[in-house]
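S.K.: Quick one, structure for this:
(one chain, ligands or ions: 1)
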Amino acid sequence: MKKLFFLLCVMLSFFIVQAAMAAQTIKLGVVTKPGSAQNIVAEKFKELVEQRSGGGYEVKIFHSKSIGNETEILQQIQMNTIQMGVITGGPFDTFNPIVRVINYPFLFKDSAQADTILDGPLGQEILDDLATVGFKGLCFSENGFRNLTNNKHAVKTDAEVKGLKIRVMASPLHKAIWQALGANPTPMPWPIYTELEQGVIDGQENPLWVMEVYKFYEIQKYMTLTRHVYSPHIDVASMIWWKTLSPADQEMIRKAMVEAAVFQRKDNRDKDGARLALLKEKGMVVEENPDLFSFRTKVAGLKDMDLFKEPKVHALLQKMMEASK
Ligand code: EAX
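M.R.: As a prediction, this is how the structure comes out:
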C-alpha cells in the first residue's frame, strides 16, 4: 500500500513538473500562404522566440486563410482566441482610422524614408493608439509599395484607369483612392485569384512579391509601377494576452518581432529586382515610367475628406506629410 502511495506521488509530481514545463502556445495568424511577406515575418519570429525562450513558448502559425480573412483574424486577436498577427495595413482601417495615415497615397518617397518615419515617434503614435481597440502594436514589417495590374489594357496615365474594375482591400481609404482615380473599386478580402481569372474584376494592386507568389502573371497582362501606396503590415498582439505576460517576456517577444520585421523588410527589398525581371519573362507588359503626376493630382484632395476628419487622425496626417516632404 505504502509502495503504491509512493508511486502515485512520484507520478503526480512528474505530471506537475511536465505541466509547468510545457511550452505556452502563441497562436499567430496571417492570411497569406507560405513564401508570402507576412509568412516570412511570422516564421522568423517563431524561430527567434522558440530559440530565446528555451522552449518556454511555441509559436503556431495559422496561414492561408485557415482562420479567416484579415478582418476576422483581427477580431480573434481582439478576443485573445489567437494571440498575434502580421496583418496588412488596409484592413486595420475600420478598427482604428488612425491607420489610414500610413496608407495615404504617395506619402513616402522610398523605403528608407518609410523606415525612418514608421520606426520613429510618428509610427509609435500609431502603434500606441491601437491599444484603444484592443491591440498591442509591436512594429511594422512590409508588403511594400503597391502597383496596379489589370487585364484590359496598358496604363500610363490616370486616363487609362477610368472604368477599370479594380479589387481593393476592405478599407474605405483604398476605395476612395481608386474612386478618385476614376476606377470602379470593388472591396474584396484576400485571396482574389479566382475573381481575376474569371474576370469578375479587371485588376488589382499589390507589391511585386504578390504577383510572383500568387502567379498573377498567369491572369494579368499589364502592370504599371505606380507605387501609389506604401503598404506595411502591422505586427500586433492581443492586449488581453499581452497584459498577462511578465515584463521580461513582453520585451523578449517585442524584440523578436522587431528583428523579424527588420529581417523581412530587407529580404523583400532585396528580391524586388529579380521579381520584376521574372514577371516580364513570364509575359507581363510592364509600364515602368507611368505619368505619376496625373495620378498625384487626382488624389491630392483626399486629405480633406471625412476619412481624415477626426482630430487625432488629421493631426497625425499633417505631421506625417511634413516629415515625408
Ligand atoms: O498580402 O489584401 C491584400 O491586397 C494584401 O496586400 C494581400 O493580402 C497580400
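
S.K.: For the residue in the chain positioned nearest to the ligand, give me the pLDDT.
M.R.: Residue nearest to the ligand within the chain (C-beta to the nearest ligand atom): residue 190, separated by 3.7 Å. For glycine as for every other residue, the C-beta is placed from the backbone atoms N, C-alpha and C. pLDDT for residue 190: 96.

S.K.: check contacts around it.
M.R.: Contact analysis of residue 190 by C-beta atoms under 8 Å, 6 or more residues apart in numbering lists 31-32, 65, 69-70, 88, 169.

S.K.: So which of those residues reach the ligand?
M.R.: Intersecting the contacts of residue 190 with the contacts of the ligand gives 31-32, 88, 169 (criterion: C-beta under 6 Å from any ligand atom).

S.K.: Take those residues and keep only those in helices.
M.R.: When those are checked against helices (DSSP state H), there are no matches.

S.K.: Flag every buried residue along the strand or helix carrying residue 298.
M.R.: Using DSSP states H and E, residue 298 sits within helix 292-299. Across helix 292-299, burial judged by 16 or more other C-beta atoms under 10 Å covers 292, 295, 298-299.

S.K.: For the stretch 201-325 of the chain, which residues are neighbours of the ligand?
M.R.: Counting by C-beta under 6 Å from any ligand atom, the stretch 201-325 of the chain comes close to the ligand at 206, 210, 231.

S.K.: next one: the stretch 1-150 of the chain
M.R.: Within the stretch 1-150 of the chain, the residues that sit near the ligand (C-beta under 6 Å from any ligand atom) are 31-32, 88, 143.

S.K.: Quick check: the farthest pair among those residues?
M.R.: Farthest-apart pair in these is 31 and 143; separation 11.3 Å (C-beta to C-beta).

S.K.: the more surrounded of these two?
M.R.: Set residue 31 next to residue 143 and count neighbours by other C-beta atoms under 10 Å: residue 31 wins out with 27 against 23.

S.K.: Can you give me the pLDDT of that one?
M.R.: Model confidence at residue 31, given as pLDDT, is 97.

S.K.: which residues sit in contact with it?
M.R.: By C-beta under 8 Å, 6+ apart, the contact set of residue 31 is 38, 63-65, 68-70, 73, 87-88, 189-191.

S.K.: TSV please, covering those and showing secondary structure.
M.R.: Shown next, in TSV, are the contacts of residue 31 (DSSP: H, G, I helix; E, B strand; the rest coil):
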residue	secondary structure
38	helix
63	coil
64	coil
65	coil
68	coil
69	coil
70	helix
73	helix
87	strand
88	strand
189	coil
190	coil
191	coil
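
S.K.: for those, which one is nearest residue 248?
M.R.: Distances from residue 248 to the contacts of residue 31, taken as C-beta to C-beta, are shortest for residue 87 (26.0 Å).

S.K.: Check the spacing between the closest one and residue 138 real quick.
M.R.: Distance, residue 87 to residue 138, by C-beta to C-beta, to the nearest Å: 11 Å.

S.K.: which residues of the stretch 101-250 of the chain fall in strands?
M.R.: Along the stretch 101-250 of the chain, counting by DSSP state E, counting those that start in this stretch, strands occupy 135-145, 147-150, 165-168, 184-187, 203-206, 222-224, 230-238.
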